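Student: sequence first, predicted coordinates after that:
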Number of protein chains: 4
Amino acid sequence: MVGGGEGAFIGAVHRMAASLDGAYQLVCGAFSSDAERNRRSAAGLGLDPARAYATLDALLAGEAALPADQRMQALAIVTPNHLHAPAAIAALDAGFHVFSEKPMALDLDEALAIEAAVQRSGRLYGLAFTYSGYPLVEEARARVARGDFGAIRLVQAEYWQGWLSQPIDRDGQKQAEWRTDPARAGLGGCLGDIGTHAFQLAEHVSGLTVEALSADLAIHVPGRRLDDDVAALLRFEGGARGVLKATQVAAGEENGLRLRVYGEKGGLEWSQMEPNTLTLRWLDRPAETVRAGGPGLDPLTAARLRTPSGHPEGYIEAFANLYQSFGRTIRAGAGAPPVRGAADWFPGITDGLRTMTFVEAMIQNSAGDAKWTALAKVLEARRISAGLPPQTAPAPIA
Amino acid sequence: MVGGGEGAFIGAVHRMAASLDGAYQLVCGAFSSDAERNRRSAAGLGLDPARAYATLDALLAGEAALPADQRMQALAIVTPNHLHAPAAIAALDAGFHVFSEKPMALDLDEALAIEAAVQRSGRLYGLAFTYSGYPLVEEARARVARGDFGAIRLVQAEYWQGWLSQPIDRDGQKQAEWRTDPARAGLGGCLGDIGTHAFQLAEHVSGLTVEALSADLAIHVPGRRLDDDVAALLRFEGGARGVLKATQVAAGEENGLRLRVYGEKGGLEWSQMEPNTLTLRWLDRPAETVRAGGPGLDPLTAARLRTPSGHPEGYIEAFANLYQSFGRTIRAGAGAPPVRGAADWFPGITDGLRTMTFVEAMIQNSAGDAKWTALAKVLEARRISAGLPPQTAPAPIA
Amino acid sequence: MVGGGEGAFIGAVHRMAASLDGAYQLVCGAFSSDAERNRRSAAGLGLDPARAYATLDALLAGEAALPADQRMQALAIVTPNHLHAPAAIAALDAGFHVFSEKPMALDLDEALAIEAAVQRSGRLYGLAFTYSGYPLVEEARARVARGDFGAIRLVQAEYWQGWLSQPIDRDGQKQAEWRTDPARAGLGGCLGDIGTHAFQLAEHVSGLTVEALSADLAIHVPGRRLDDDVAALLRFEGGARGVLKATQVAAGEENGLRLRVYGEKGGLEWSQMEPNTLTLRWLDRPAETVRAGGPGLDPLTAARLRTPSGHPEGYIEAFANLYQSFGRTIRAGAGAPPVRGAADWFPGITDGLRTMTFVEAMIQNSAGDAKWTALAKVLEARRISAGLPPQTAPAPIA
Amino acid sequence: MVGGGEGAFIGAVHRMAASLDGAYQLVCGAFSSDAERNRRSAAGLGLDPARAYATLDALLAGEAALPADQRMQALAIVTPNHLHAPAAIAALDAGFHVFSEKPMALDLDEALAIEAAVQRSGRLYGLAFTYSGYPLVEEARARVARGDFGAIRLVQAEYWQGWLSQPIDRDGQKQAEWRTDPARAGLGGCLGDIGTHAFQLAEHVSGLTVEALSADLAIHVPGRRLDDDVAALLRFEGGARGVLKATQVAAGEENGLRLRVYGEKGGLEWSQMEPNTLTLRWLDRPAETVRAGGPGLDPLTAARLRTPSGHPEGYIEAFANLYQSFGRTIRAGAGAPPVRGAADWFPGITDGLRTMTFVEAMIQNSAGDAKWTALAKVLEARRISAGLPPQTAPAPIA
């Protein structure tokens, strides 16, 4: 693990998620650039002090020097955003699988560089789009994919938070501080932090690729340097329309990620804060409430559950589902990651590139006068400037 | 009453709303252009057959000829949209007050003509933006107005219906038929029918004027001639941002009008389908559930309630509140309608012009390549073409 | 109308409910024993002053003296409880139909006397068990009756209020004052006021007769003379078990009447505070949310609705449904009231006697040491003391 | 660990809960009496094969023979009920701490024997009343204890399940089979399995001791030998009244444990299926929604949370909180377990004896003709027959 020292939020979540099912063991880390904090973090976790490395480079070198059966197999990256890409590339090139926090990187250039590293290393790359690990998100995706609702017409993806309503980033709150600093957060503020989650969920569940968007980014708190509130109109392949809203200044909101998808015959609604309920609405019959563990679930959903119906599972369990899929894929020794809809699918390069393209398209569109920005063009421009061969359109999401 | 014969939906609602509190008496009508249906409708309502007029013109003439103490005082217009403006103008010019269904008219030109008729007649004009008659909508408006949430930053107005998901307009469903016919519905389909409700509610509760918007109108059902699904990004005076979504093809949705407004310190959420609950969220303390009839209500809210807390009031009662305000204003003999926030406020010309400007701005923007369309410019252009004096900006909503 | 002068709550509700559909006209009243208040009430309602009678006797005599086509047809009784029985008996014996507030009477003796008056007069008697007028209560009843859930095993009826949590009855609150006064309220406090609603709803929807109960009545507010909180275990015919809870000291609760019924294959839940939703749960498939106006309704339910789905109807509309059924039955000239499950059924003598028997059984059981009290025995004892022929069991509820 | 071999539900939950925070390591087990299944279970968990013992006796002997720093410290008992007491007593007497599944034992006699073993061994005994591990249950308890609601008047504890609606116990469903077998389940069926949870939660949160109850036990599924549905009226010390309902035949219900507590000034409601929300209702102000991780929490609640507000925690995390408290108490080396309300409180002997007394009182009362059964008398009779010194009343719950 790199990052995630004492007091960090997401590092602890990764550790709980990985250990929940007994499939991972934490063997080493570079938890902090502060030597004493690094040491204390390792000790608190019961690690061999020799494997609490001062830097990521030392970690990669030290682990590579160990016998194969003692060596770290995969690196979890839980640092602020600016370290995601360098850490991922170094680890992949050193022969380790990588499971990284999102957003994938500071910008699309970095994301393309990670993709290249994955291709040359043949290692696996997983990305913590945690919400796609919820069992009922899988149920939603499966039902759309099998056509329960007919052709999809509408997608509404929202992510409401309120914790940045006041200038706490100037008052020393660590989480807020780096998330609002362009050097450490990347191109987007709210956009990169949670807008990417909403976008990934919209494409993942609908199985549809966003072709173009019209965006409005705002900074509501005076003095803030990155957006704290975004909205977009979306146009999907095949004619579906969508709205995406993500904000961190909806005072009083907690972590309100919510998705609605409607087709010709019905629609679905899922809300992260009550993740064990999936509402299905129908044109010709009463709405249904599908429940985690209840009757009528897709087998892929059932496989992601640990308890019988009515025993709530939450965020850590969703996270653990991604780690489980990632771990099984490592153990299976497959060269390529499973495709969307496969039992052990986990979010990776595809969703990473899609979301980083989304970030750049949002910023370009919001700054300009044109109504629509095509995502394929944004990606293409970056590929060309990176010296990559042309690609007429992003790989379809499904 | 003009329109609202046997089998019509909204005419019956107007009659129940007007009669609920015993303040109105239905005395005459031109319910249908079909003579037999007109006669039967009048008989079913217990009217004097002599006051079941064949046409609106006959009604206006007939009633004007009666002694003042027997004569109709106000005309309720419950026809399809294309008759709203001619009926309103004729009735106003004949000296009657008018309470009209929305949208105000087929387009902004007609709306300006109604405004002119109101000005020259000195009669009152009410518009059935029914949802602003709900007690807890008043509570929401009052709390924003008194600054409970600080400066407003975000507005989210949604109106989800699904009843036009299939081409029922081609299969003889009357309500669907005229609503999707440009000649009878006006410029907008879903936009005029329910998009205007969402827009009116957003401005009414936030107390903020929308300055510009970016829109996407869609027709999802093949062969349909008017939009059945719209979305917009909104920019309000003072910097607040908003999203407006209105659709009639969200299969399985009923009548999901929902408003969220957030300021610096907290926010509110109200949903028409559970109208007796208003959720308040706060940055620094637990969310509160304000209930119709419960503790902590603004006096203006309490005045709009008929039953103690926990005895649900609904759509008809909200409608009746508008009729009550309209009736009290008639009886008070005031020349001008009450301003927003006054005890007897009801929606009228101001909200009518705002919403018709919104309709035209949405259509212009969606059809063009420009990112933003300013509502003031749309209104100004119509005023000029109507030979009216220039007006630099629409009257503020508050 | 007798009772319901200025400031009274339930009288105004009766008037709105009766007038909503235009089927009733208020023609006379004895609104208050205070002459001036009586006069003002009548004037406020636009009545002919000559028909604002000083007493009920005067009203009955005055109306009986009018020509048949001008005369009052039915009397609405909206007084405190102690006047229910004398008013009903006098009106029935004077040849008028009666629609009375509940509870039916002060005790079972009085209720039996009303039954006798109905039998000898041949007039109709309706009782305001308002909650059985909700469309989705009808849906619930119909689904149980047609066997959707299989044999019924469990019934849970709850009625939570909190408004009597403090001794407001000693502080001049009128509604509280008479409801806690044995001379005006009758044998039960909370028991008669809302416990009867819960009991009626339980039997009405389940279609099952309660055979025996075990009760616990409490007075929580010091100095109060009637129960303010009751609970009971219920045993139904055929083996179903139930729990009934009714309280007026659940501080913070509003009007929380809620019913759950479960059979072998599934169950239902309905809550008065969100009356347009009926939840159906199933052993082998996801729960369904049946909505007023939505797909899948029983025709009897649909007939009780005034608006399309998503336009909430509430308490006044439920009340109006009872008045509609009562009025149609009067107009039909039928000698006997419709049976439960018929289109125009309304609650009357049957439910009145059942609930008064329940009240007496609760009081007897709570005061004694025996575990169970059989309702049939309670009724039988009262019949014998009233000189009525023996009856081995109460008429079944269905 | 004893029990919890392949395919068992609750054993896996214990392992996840214990490992979540990294404070426990599973070192040995006697997972199954089937040798091959025992071996496979141990292998699947990555255990040293030498520590997969054939029997509990072998486990206790084997572990006791190990050096202190390698030896098991605490035994988790996750067998069917009939083995709880023998396993607990043997382990305690062998010097190990015990964390046991509930119910504590087959009957009160066994429970008293466990209490004696705890007293003579000086070891710790924890009992998996899992629901008291939820953070917002702690919040509820703390708020009642500090008097937020004034004196408590009403307690309503419900536990609705539906999974035993059909005779699946006769069709080979393992979980159902032993739970309906008196030899393995104990005196109560539904009563012991989930009625005890409801009772424990009622006393734990209210801080009040139930003095007497009146009960009705039912068997709805023909041929079943133990109750599958229970209800009781409760009388608490100090005058509060309560209702307890627990059933396993509410077809379609999942795991609906729900608690409501009301005092003079307000009340609370908590539902296990949405465990991160606690509703507070007030007589004089709007209801509040307290959220896990949100503002306004008691410090004891905050200490039981792992994620920020809006990131749901569930059943496994609640379970892990009990394991955390138990583990910290072991490490602290304290002789006595922490008292209710202390940071590291966990349910143990006190709640075990209370719930087993409740089970016996329910059965006695339901079988007899007396209205009320006093819990103190039930306990006293058992103590006397067990040769224990008299005790005039059960230790108060608080």
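Tutor: Everything's here; your move.

Student: now tell me which helix or strand of chain A has the poorest mean pLDDT.
Tutor: helix A:174-179 (a mean of 87; mean pLDDT, DSSP states H and E).

Student: which helices and strands does that one pack with?
Tutor: With contacts defined as 3 or more Cβ pairs under 8 Å, 6 or more residues apart in numbering or on different chains; DSSP states H and E, the packing partners of helix A:174-179 are helix A:182-185. All C-beta atoms are positioned from the backbone trio N, CA, C, and that covers glycine.

Student: restrict the helix it packs on to CA atoms and write it as PDB.
Tutor: Taking Å, rounded to 0.1, in the frame of the first residue of the first chain, the C-alpha atoms of helix A:182-185 are listed here in PDB:
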ATOM      1  CA  PRO A 182      -5.100  21.900  -8.500                       C
ATOM      2  CA  ALA A 183      -1.600  20.600  -8.100                       C
ATOM      3  CA  ARG A 184      -2.700  17.700  -6.000                       C
ATOM      4  CA  ALA A 185      -6.300  17.100  -7.200                       C
END
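
Student: how close does A:A113 sit to A:E360?
Tutor: For A:A113, the distance to A:E360 (Cβ to Cβ, to the nearest Å) stands at 15 Å.

Student: the more surrounded of those two?
Tutor: Using other Cβ atoms under 10 Å in any protein chain shown as the criterion, A:A113 and A:E360 rank with A:E360 on top: 22 against 16.

Student: could I get the buried residue list for the least confident helix or strand of chain A?
Tutor: Across helix A:174-179, burial judged by 16 or more other Cβ atoms under 10 Å in any protein chain shown covers A:Q175, A:A176, A:E177, A:W178, A:R179.

Student: now stretch A:241-261
Tutor: A:241-261.

Student: what's the straight distance from one end of that stretch to the other?
Tutor: End-to-end distance of stretch A:241-261 (Cα to Cα, to the nearest Å): 10 Å.

Student: how about that stretch and chain C, any contact?
Tutor: No. Looking at stretch A:241-261 against chain C by Cβ under 8 Å from any Cβ of the partner chain, there are no contacts, and the closest approach is 15.8 Å.

Student: tell me the mean pLDDT for that stretch?
Tutor: The pLDDT scores in stretch A:241-261 average 98.

Student: ok, which of the buried residues of stretch A:241-261 also contact chain B?
Tutor: With Cβ under 8 Å from any Cβ as the criterion, those include A:R241, A:V243, A:K245, A:T247, A:V249, A:A250, A:A251, A:G252, A:E253, A:R260 near chain B.

Student: among the residues you listed, which ones are in helices?
Tutor: Within these, no residue falls in helices by DSSP state H.

Student: quick check, nearest of the residues you listed to chain D?
Tutor: Among these, A:E253 lies closest to chain D (Cβ to the nearest Cβ), at 7.8 Å.

Student: run through who's touching stretch A:181-191.
Tutor: Contact partners of stretch A:181-191, identified using Cβ atoms under 8 Å, 6 or more residues apart in numbering or on different chains, comprise A:80-82, A:103, A:105-107, A:161, A:164, A:169, A:178-180, A:192-193, A:195-196, A:217, A:219, A:224-230, A:246-248, A:359-360, A:362-363.

Student: mind redoing it with 7 Å?
Tutor: By Cβ atoms under 7 Å, 6 or more residues apart in numbering or on different chains, the list of residues contacting stretch A:181-191 from outside reads A:80-82, A:103, A:105-107, A:178-180, A:192, A:195, A:217, A:225-230, A:246-248, A:359-360, A:362-363.

Student: any chance of a ChimeraX selection covering the buried ones in those?
Tutor: This is how ChimeraX selects the buried members of these, with burial counted by 16+ other Cβ under 10 Å:
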select /A:80,81,82,103,105,106,107,178,179,180,192,195,217,226,227,228,229,230,246,247,248,359,360,362,363
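
Student: the closest residue to chain D within the stretch 101-250 of chain A: how many residues sit nearby?
Tutor: With Cβ to the nearest Cβ, the shortest gap between the stretch 101-250 of chain A and chain D falls at A:Q161, namely 7.6 Å. A:Q161: 26 surrounding residues under other Cβ under 10 Å.

Student: that one - nearest residue in space that isn't next to it in sequence?
Tutor: Of all residues not flanking A:Q161 in the chain, A:Q248 sits nearest, at 4.6 Å (Cβ to Cβ, 6 or more residues apart in numbering or on different chains).

Student: check contacts around the one you found.
Tutor: A:Q248 neighbours (Cβ under 7 Å, 6+ apart): A:Q161, A:W163, A:L164, A:C190, A:I194, A:D228, A:D229.
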